[in-house]
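Undergrad: Just to be clear, the model below is a prediction. Sequence and coordinates:
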Amino acid sequence: MSAVPLSLPRPVPQQRFRVPKKNIPQTLIERTRVMERCRAYAAEHRPVPPLPTEELKVHADRLVAELGCDPIYRDYIGVLLNNELWREQLAGVPFERRLLLLPKCLRVENKCPAPFDEFGLLCKQCGLCSIQDLQAEAERLGYAVLVAEGSAIVMSLIQTGKIEAIVGVSCLSVLERAFPYMEAAAIPGVAIPLLQDDCIDTTVDLDWIWDYIHLTSDDKTRRLDLGQARDEVDFWFTPLNLELIMGPAEGRTEQIAREWLGRAGKRWRPFLTVSAYQALRTTPGEPLPDDLRKVAVAVECFHKASLIHDDIEDNDAARYGEKTLHEEHGVAVALNVGDLLIGEGYRLLASCKVSAEQKVELLRIAAEGQRELCRGQGAELCWARDPRPLSSLEVLEIFRKKTAPAFSVALKLGAVYAGQLEEVDEVLENYSEALGIAYQIRDDLSDLGEAGETNDIEGLRPSLLLAAAHERAEGADKERLRAHWERRAGSDPKAVEALYHGLGIIDRTNDLLERYKEQAIRSLQDVENPNLKGLLRRVIGKIFNDTEIKGWCKEFEQQNLPATRA
């Protein structure tokens with residue numbers, strides 16, 4: 001296998017978590033749950049903004065009680081609730097009449113070359129922190145951007161009448177001091193709290209900022225509940241629904257195929273099909289058409305068939321915490337069921353009531369995706385016959401061929417069904433490639449070691465972690481990793497995992513994951529359809545929202561007390 005022309009995306013700022021933010025939930029799952037409840041509360045009770053501080057605290061206390069969370073989260077919940085109250089008004093304000101206010105503490109203080117003037121930090125675009133990217137994107141949209149703190153400068157801008165909405169990033173203490181001025185101005189204002197109580201080298205949830213700065217009333221999908229949409233897609237795979245969509249199962253082989261199709265799984269691919277359709281349809285808000293269910297189930301048929309075949313080829317004994325299909329029914333039956341599911345996928349697509357041109361496109365896209373996926377799997381299988389160390393780029397190329405096509409097929413089928421593929425074909429291709437690679441990198445990380453889902457090290461599968469470790473290692477360590485790549489007898493999985501930690505490979509791989517997520521975001525930069533741009537941007541957050549914020553410590557708490565008082 002020769003080297004492949006795949007370049008790595010440019011680095012993005014490394015997330016640092018210095019000081020524990022005791023009044024902010026420590027996982028994105030927790031933060032998402034709190035945000036969703038705030039949104040529901042705002043819809044139910046409809047408080048009218050601007051709310052005075054004391055009134056906002058009353059509502060926040062009620063939410064604390066409803067959520068059953070620690071009262072120290074009250075201020076944080078108050079910020080989220082206030083954001084929800086202003087959300088629709090912010091969406092209606094043109095970008096060119098909005099202000100993005102960033103704190104200077106996002107910079108890397110001891111390396112930042114930027115000077116200050118009376119308006120704040122003058123970013124030098126050095127790329128060391130997130131300020132450069134946030135400022136560039138906001139200004140591209142038409143925002144005014146300030147990297148400064150203090151209410152006086154903000155109030156002076158508001159009084160000019162040129163600023164009608166503010167998106168602000170700050171720590172909770174600064175937000176608390178600025179809130180009365182925002183309330184007095186009575187203009188839409190949303191706030192994104194920093195992720196820790198430090199005064200230098202701070203970090204923020206970049207996805208959160210992106211969502212707010214791109215919020216626009218032109219995006220008719222912004223109210224779509226992605227969690228509910230995913231639950232609905234999952235519901236289609238219950239036995240009764242599968243029978244309604246696919247027709248009655250005939251014979252034991254079809255019964256086994258339906259059982260496997262309905263087994264556990266994340267169902268991201270059919271969800272992406274529905275998401276693309278929702279973004280591109282000309283009738284937003286109407287019930288989903290029945291044939292869209294066929295397209296979504298077809299996508300999952302192709303995916304589940306590939307898993308059956310992969311498990312046989314990799315000799316895996318378990319999936320989803322249960323026996324693999326070939327372990328349960330034998331290799332011959334499993335192969336046949338996998339082939340049946342591929343046929344079922346094409347049958348479902350061919351039965352859709354669409355134009356002849358759309359039907360041809362549905363079948364063509366599925367066939368080309370199947371072909372590309374087999375090429376990627378074939379590259380890995382050919383490597384297994386003559387195993388040798390692979391470079392990071394070679395592993396990423398396998399990821400691109402094995403995983404990205406499934407995302408591309410899912411999105412493009414939704415676009416074809418909506419009758420809009422031609423306008424978005426290239427965007428969906430670029431987005432899928434970055435998303436698929438990021439997804440596979442995350443799988444590599446979740447499969448790490450004895451605690452992993454499948455333990456790639458013990459399974460002797462090529463992984464990005466193993467490739468990066470071999471590239472970085474020297475001397476005896478490099479030889480130990482080469483022995484593992486070549487599947488020599490006596491290779492010790494525990495020793496390999498220890499090398500990952502010792503060489504800093506896990507952090508390096510996490511960084512690469514963030515780069516590809518960022519590349520997926522950047523692929524949407526020039527998308528003119530606000531529905532597609534907004535929804536696909538939110539999908540990234542939905543797929544990768546189970547990341548825990550780690551590295552919290554108390555090291556800087558006392559050190560920062562004097563600076564805080566000042």
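TA: It's in.
Undergrad: what helix or strand does the closest residue to Ala60 other than its chain neighbours sit in?
TA: If you skip the residues right next to it in sequence, Ala60 has Gly78 as its closest partner in space, 3.8 Å away by CB to CB, 6 or more residues apart in numbering. (Each C-beta comes from the backbone N, C-alpha and C, glycine too.) With secondary structure defined by DSSP states H and E, Gly78 is part of helix 74-91.
Undergrad: Name the residues of that helix that come out as buried.
TA: Within helix 74-91, the residues that count as buried by 16 or more other CB atoms under 10 Å are 74-87, 89-91.
Undergrad: now Pro462: how far from Cys382?
TA: Noted for Pro462: a distance of 11 Å to Cys382, by CB to CB, to the nearest Å.
Undergrad: I meant Leu373, not that one.
TA: 15 Å.
Undergrad: and what of Ser391?
TA: Distance, Ser391 to Cys382, by CB to CB: 16 Å.
Undergrad: Neighbour count: the two, which is higher?
TA: Comparing Ser391 with Cys382 by other CB atoms under 10 Å, the one with more neighbours is Ser391, at 16 against 10.
Undergrad: ok, and the closest non-adjacent residue to that one?
TA: Nearest one to Ser391, counting by CB to CB, 6+ apart, is Ala467 at 6.0 Å.
Undergrad: ok, and the closest non-adjacent residue to Gly436?
TA: Using CB to CB, 6+ apart and skipping residues adjacent in sequence, the residue nearest Gly436 is Ala404, 3.1 Å away.
Undergrad: from what I can see the one you found touches Leu435, true?
TA: Yes - judged on CB atoms under 8 Å, Ala404 makes contact with Leu435 at a distance of 7.4 Å.
Undergrad: Which one's more surrounded, those two?
TA: For Ala404 against Leu435, the residue with the higher neighbour count under other CB under 10 Å is Leu435, and the figures read 29 against 26.
Undergrad: Next up, the contacts around that one.
TA: Taking CB atoms under 8 Å, 6 or more residues apart in numbering as the criterion, Leu435 is in contact with 404, 407, 516, 520, 540, 543.
Undergrad: Those residues into CSV, with extra columns for pLDDT and distance to Arg482?
TA: Output for the contacts of Leu435, formatted as CSV (pLDDT from 0 to 100; distance: CB to CB, whole Å):
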residue, pLDDT, distance to Arg482
Ala404, 90, 29
Phe407, 93, 33
Tyr516, 91, 27
Ala520, 90, 33
Ile540, 85, 36
Ile543, 85, 34
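Undergrad: Of those residues, which is the nearest to Glu109?
TA: Distance to Glu109, by CB to CB, is smallest for Tyr516 among those, at 28.4 Å.
Undergrad: which residue packs closest to that closest one, ignoring adjacent ones?
TA: Ala438 (3.8 Å).
Undergrad: any idea how far Lys266 is from that neighbour?
TA: The gap separating Ala438 from Lys266 is 14 Å, by CB to CB.
Undergrad: more crowded one of the two?
TA: When neighbours are counted by other CB under 10 Å, Ala438 comes out ahead of the other of Ala438 and Lys266, with 27 against 11.
Undergrad: Please, which helix or strand holds the more buried one?
TA: Under the assignment given by DSSP H and E, the secondary-structure element containing Ala438 is helix 421-446.
Undergrad: tell me what the helix or strand following that helix is packed against?
TA: Later in the chain than helix 421-446, the nearest helix or strand by DSSP H and E is helix 464-472. Using 3 or more CB pairs under 8 Å, 6 or more residues apart in numbering; DSSP states H and E as the contact criterion, the secondary-structure elements in contact with helix 464-472 are helix 392-402, helix 421-446, helix 475-485, helix 493-502, helix 505-522.
Undergrad: now the angle from helix 464-472 to helix 392-402?
TA: For helix 464-472 against helix 392-402, the angle between stretch directions is 160 degrees (axes from the mean of the first three to the mean of the last three CA atoms, to 10 degrees).
Undergrad: circling back to that earlier point, quick check, the residue nearest to Tyr516 in contact with Leu513.
TA: Yes - distance between Ala438 and Leu513: 5.7 Å, which falls inside the contact criterion (CB under 8 Å).
Undergrad: Flag every buried residue along the helix holding Ala438.
TA: Buried residues in helix 421-446, defined by neighbour count with 16+ other CB under 10 Å: 421, 424-425, 427-445.
Undergrad: so how far is it from its chain's centroid?
TA: Mean-position distance between helix 421-446 and its chain equals 11 Å (CA atoms, centre = their mean, to the nearest Å).
Undergrad: go on, stretch 326-342?
TA: Between the centre of stretch 326-342 and the centre of its host chain there is 32 Å, according to CA atoms, centre = their mean.
Undergrad: pLDDT of that stretch, averaged?
TA: The average pLDDT within stretch 326-342 is 93.
Undergrad: same question, stretch 223-233
TA: Mean predicted confidence for stretch 223-233 is 83.
Undergrad: can you check stretch 58-65 too?
TA: 92.
Undergrad: re earlier: how close does the residue nearest to Tyr516 sit to Val427?
TA: Looking at Ala438 against Val427, where the rule is CB to CB, the gap reads 17 Å.
Undergrad: For the protein, just list every one of the strands.
TA: Under the criterion DSSP state E, strands of the chain are mapped to 98-102, 116-117, 120-121, 144-147, 165-170, 189-193, 318-319, 322-323.
Undergrad: got CSV for the ones you listed, with mean neighbour count, distance to Val233 and mean pLDDT too?
TA: Shown next, in CSV, are the strands of the chain (neighbours: other CB atoms under 10 Å; distance: least, CB to CB, whole Å; pLDDT from 0 to 100):
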stretch, mean neighbour count, distance to Val233, mean pLDDT
strand 98-102, 24, 34, 88
strand 116-117, 10, 50, 64
strand 120-121, 20, 45, 66
strand 144-147, 20, 38, 86
strand 165-170, 24, 32, 86
strand 189-193, 25, 30, 86
strand 318-319, 16, 20, 80
strand 322-323, 12, 22, 86
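Undergrad: For those strands, give me TSV that also has distance to Glu36.
TA: Converted to TSV, those look like this (distance: least, CB to CB, whole Å):
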stretch	distance to Glu36
strand 98-102	25
strand 116-117	39
strand 120-121	34
strand 144-147	29
strand 165-170	20
strand 189-193	16
strand 318-319	30
strand 322-323	31
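Undergrad: closest one to Ile505 among the ones you listed?
TA: When the strands of the chain are compared by CB to CB, strand 318-319 sits nearest Ile505, at 25.6 Å.
Undergrad: what comes into contact with the closest one?
TA: Contacts made with strand 318-319 from outside it, assessed by CB under 8 Å, 6+ apart, are listed as 307, 311, 324, 327, 454.
Undergrad: what distance separates it from the centre of its chain?
TA: Averaged over its C-alpha atoms, strand 318-319 has a centre that lies 25 Å from its chain's centre (CA atoms, centre = their mean).
Undergrad: Mind listing the strands that strand pairs with, and their directions?
TA: Each strand that strand 318-319 pairs with, and the sense of that pairing, follows from DSSP bridges: strand 322-323 (antiparallel).
Undergrad: what's the spacing between the partner strand and its chain's center?
TA: Averaged over its C-alpha atoms, strand 322-323 has a centre that lies 28 Å from its chain's centre (CA atoms, centre = their mean).
Undergrad: Which parts of the chain belong to which domain?
TA: 28-217, 226-541 (automatic domain parsing).
Undergrad: before we move on, back to that, now that we have the contacts of Leu435, which of them are buried?
TA: Here, 16+ other CB under 10 Å leaves 404, 407, 516, 520, 540, 543 buried among the contacts of Leu435.
Undergrad: can you tell me the average pLDDT over whichever helix in the chain runs longest?
TA: Taking DSSP state H as the assignment, the helix of the chain that covers the most residues is helix 356-385. Per-residue pLDDT values across helix 356-385 average out to 91.
Undergrad: related to what we said a few turns ago, now do the helix holding Ala438, average pLDDT.
TA: 91.
Undergrad: That helix versus helix 392-402: what angle between them?
TA: In terms of direction (the same axes, to 10 degrees), helix 421-446 departs from helix 392-402 by 130 degrees.
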